[in-house]
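>>> Only the shape, not the letters, is given here:
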């Protein structure tokens, strides 16, 4: 079993490094989610190596530290993927709840409220913590279920508000959320020697990364420079009254030396400048939305912009 925990820890750290290197435009809470999964797997690994109760409890606390804040990071990641803003008050509330939950677990050796007693046993060469739960153990269940309910509620709200690109993608995110809570509940009802959540979290990382890649054009990044009210008003007038050939000419000035737009990219650019949505562009050009997205990402990369607002801002250049 120790080998399994080693593999999971290496996989978690490897995914964190790969995400940091490969993904250029990073989402903060998704990055923190990767960090938390690494911490969880480190805790499980330390616990499997423990030869004393105290060290096993320490490993358990490390795993709980990652797990408690992993739920928070997954929730805030989904909030961002669904196109909503994460406000400071939301972060303060989530961090405070996570810290309180972790303290309840960590003080168990002094106050037997979360665990009444703990001991260790060796199973297949790995140390396992044998726990007798206390009166406050159900609090963690409430904590997790609260977060998962909030995630599902956010996804449903985003679909109703048409914040998310595609209901199928919303269902994909919901499936990721439900799989985690299902595995957690199953582990509580059935006695397993191995902590399968360590594997589930890594799979969730991969799936959320796929969803992030699919939806990143819809996520409102915190580091996007915003236009002033005057610029937005002027931009609105310019887009409405400026001839298309002038718009195209202004935008093409941003191309690097030697770069050109492919015919499809040029068509998509014109439709974007006509303020057409991705779905409308796909229908007009008889393409799938994913194909339009691919062309759009290449177009934005060539023009040195990351979203429509920055693209439209090129029209302000004199």
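Happy to help now that I have it. Just so we're clear, the structure is a prediction, and the values are computed from it rather than from any experiment. Numbering: from 1, shown residues only.

>>> what are the ranges of the helices in the stretch 201-318 of the chain?
All helices of the stretch 201-318 of the chain, identified by DSSP state H, counting those that start in this stretch, fall at 229-241, 244-252, 263-273, 278-285, 289-303, 308-313.

>>> Check which helices and strands the fifth one is in contact with.
This means helix 289-303. helix 263-273, helix 278-285 (3 or more CB pairs under 8 Å, 6 or more residues apart in numbering; DSSP states H and E). No exception for glycine: its C-beta is placed from N, CA and C like everyone else's.

>>> Now it: buried residues?
By neighbour count with 16 or more other CB atoms under 10 Å, helix 289-303 contains the buried residues 289, 292, 293, 295, 296, 299, 300, 302, 303.

>>> and the nearest residue to the last one once chain neighbours are set aside, backbone torsions?
By the measure of CB to CB, 6 or more residues apart in numbering, the closest residue to residue 303 outside its immediate chain neighbours is residue 254, 4.7 Å from it. Phi and psi for residue 254, reported as degrees, to the nearest 10, are phi -80, psi -10.

>>> residue farthest from the centroid of the chain?
The centre of the chain is farthest from one residue, residue 243, which by CA atoms, centre = their mean lies 40.2 Å away.

>>> mind checking pLDDT for that residue?
Note on residue 243: pLDDT of 79.

>>> What separation do you get for residue 285 and residue 99?
Residue 285 is 50 Å from residue 99, where distance means CB to CB, to the nearest Å.

>>> And for residue 82?
Per CB to CB, residue 82 is found 25 Å from residue 99.

>>> Show me which of those two is the more surrounded one.
Legend: neighbour count by other CB atoms under 10 Å for residue 82 and residue 99, higher for residue 82 (23 against 13).

>>> Which residue is the nearest non-sequential neighbour of the more buried one?
Closest residue in space to residue 82, ignoring its immediate chain neighbours: residue 158 at 3.5 Å, by CB to CB, 6+ apart.

>>> Please apply the same query to residue 174.
Excluding the flanking residues, the one nearest residue 174 by CB to CB, 6+ apart is residue 155, at 5.2 Å.

>>> That neighbour contacts residue 79, correct?
No - using CB atoms under 8 Å, residue 155 makes no contact with residue 79, being 9.7 Å away.

>>> Compare neighbour counts for those two and give me the winner.
It is residue 155, of residue 155 and residue 79, that has more neighbours when counted by other CB under 10 Å, with 24 against 21.

>>> Next, work out how far apart the more buried one and residue 173 are.
Shown here: residue 155 relative to residue 173, a distance of 6 Å by CB to CB.

>>> now residue 72
16 Å.

>>> and if you look at residue 311?
On the measure of CB to CB, residue 311 and residue 173 end up 27 Å apart.

>>> Between those two, which has more neighbouring residues?
residue 173 (24 against 20).

>>> out of all of them, which helix in the protein is the longest?
Scanning the chain for the helix with the most residues, using DSSP state H, yields helix 53-81.

>>> Which strands or helices does it pack on?
Under the contact criterion of 3+ CB pairs under 8 Å, 6+ apart, helix 53-81 touches helix 28-49, helix 88-106, strand 115-123, strand 126-133, helix 137-160, helix 167-189, helix 197-215.
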